[in-house]
Structure formats: structure tokens, C-alpha cells
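Peer 1: Compute the structure for the input listed below.
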Amino acid sequence: MPRRTLLASFNGDGRMGLALLATLALLVALACGGEAWTEALRYERGAILRGEWWRLLTGHWVHLGLRHLVPDAIGLVLLWALYARELRPGAWLLVAACATAVIDAGLWWSEPGVQWYVGISGLLHGAWAAGAAALAARGQRAGWIMLAVLVLKLALEQRAGASLIVSGFPVVSVAHLYGAAGGLLAVAALALARKPL
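Peer 2: Down below sits the predicted model:
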């Protein structure tokens, strides 16, 4: 089966399949830069205060190594399989932008003790929230179930102060909460603007 047909068969839109592959390629390319790239690109409060604003964006895309990247990459593929068709490509860009903005704002103003942050897991929680909310908005019970599972996961993580999925390296679990809030904000904005999901 040709690659274009294979990608389209997964979710009915080859553009979304190509977006997944491009995202995975970006994550792997950044990981190949090693610790030097991670330190140059991570969200780092002191560096942002010195004017290195790009870190507000790039911090979400670098990882602490393969042990950190692999679970996030698997999560990305699973969420793509579950929700890629639930929103238009442009809406997914809005979800990513809103989740990024809410995570950055939350860390900056509500979590001044967080000196640095890396990883795409906060954005993944934004995608989970947005995809499940889009399903629920269409009257699909699975959407409500996935939202309930997300709320339970977030509540347990906030109580434990750690990720429920990974261990062995520091996880800023509050970023998952902010990411989910950003994903819901994006879907709410689309609904209020009466834009098709």
C-alpha cells in the first residue's frame, strides 16, 4: 500500500498522518541534539527573564533523553489514533497554541518555583482534553468517559505530585493540568465562535 494511502487509511486524512510523522521526526531530531540542545531550548525561568523568549515554545519539544521521549511519543501516537479525526487540522493548531500558552502562563505566574521544564506531555494532555471534549460535544459517550478518566488522572497526579505513568525523572505534573485546561479552552473558543470542530 503506498505511504499516502496508508496514512489516509488511519484517519481518513493524509495531512493528519503526515503531521504525526513530522511531529515525531521533530521530537527525534531535537533528541539527537543531546543535553546541549535540551539546555539551550528548555523552559528556563532565568533565561526567559534575560530575554530568551523562544524557550516558552521550544521547552515543550525537548526531552531529558530517550527514557523521557519514548513514553511521550507513544502517548502522541495513541492520542492521534483516538482523536485525530475529531478536529480539523487548523483546530489542532489552535489546541497546541492554547495548551502552550496556558502551560507557560501557569508555570510563570502560578509556579514560580519551577525553574525549568521540558517535554510534550503537557501538550498531550491538551490534545486528550480537546479530542475527548469534541467527541462529547457530538454526543458520543466515549468522549465523556475519556474526559472522566482524564479528570481522575489529573486529580491523582495533583494529589501525588508526580506522574502516574512515568517515574525515574522529575515530572512537572501541574503542566498536565494546565495543558488540559488549554485544550478545553481551545474547544470552547471554537464552539463560542460557532466554528466547525
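Peer 1: what ranges do the helices span in the protein?
Peer 2: Here the chain has its helices, by DSSP state H, at 3-11, 14-32, 34-41, 45-49, 55-58, 66-83, 89-105, 121-137, 141-160, 174-192.
Peer 1: between those helices, which gets the lowest average pLDDT?
Peer 2: Mean pLDDT is lowest for helix 3-11 out of these, coming in at a mean of 46.
Peer 1: ok, the residue nearest the centre of the chain - contacts?
Peer 2: In the chain, the centroid-proximal residue (C-alpha atoms, centre = their mean) is residue 123; its distance is 1.5 Å. Contacts for residue 123 (C-beta atoms under 8 Å, 6 or more residues apart in numbering) come out as 60, 96, 99-100, 103, 179. From N, CA and C alone the C-beta is placed, and that goes for glycine too.
Peer 1: Report the contact partners of the residue lying closest to residue 31 once chain neighbours are set aside.
Peer 2: Leaving aside its chain neighbours, residue 31 sits nearest to residue 69 (5.2 Å; criterion: C-beta to C-beta, 6 or more residues apart in numbering). Counting by C-beta under 8 Å, 6+ apart, residue 69 makes contact with 27-28, 31, 63.
Peer 1: let's see 10 Å
Peer 2: Residue 69 makes contact with 24, 27-28, 30-31, 62-63, 118-120, according to C-beta atoms under 10 Å, 6 or more residues apart in numbering.
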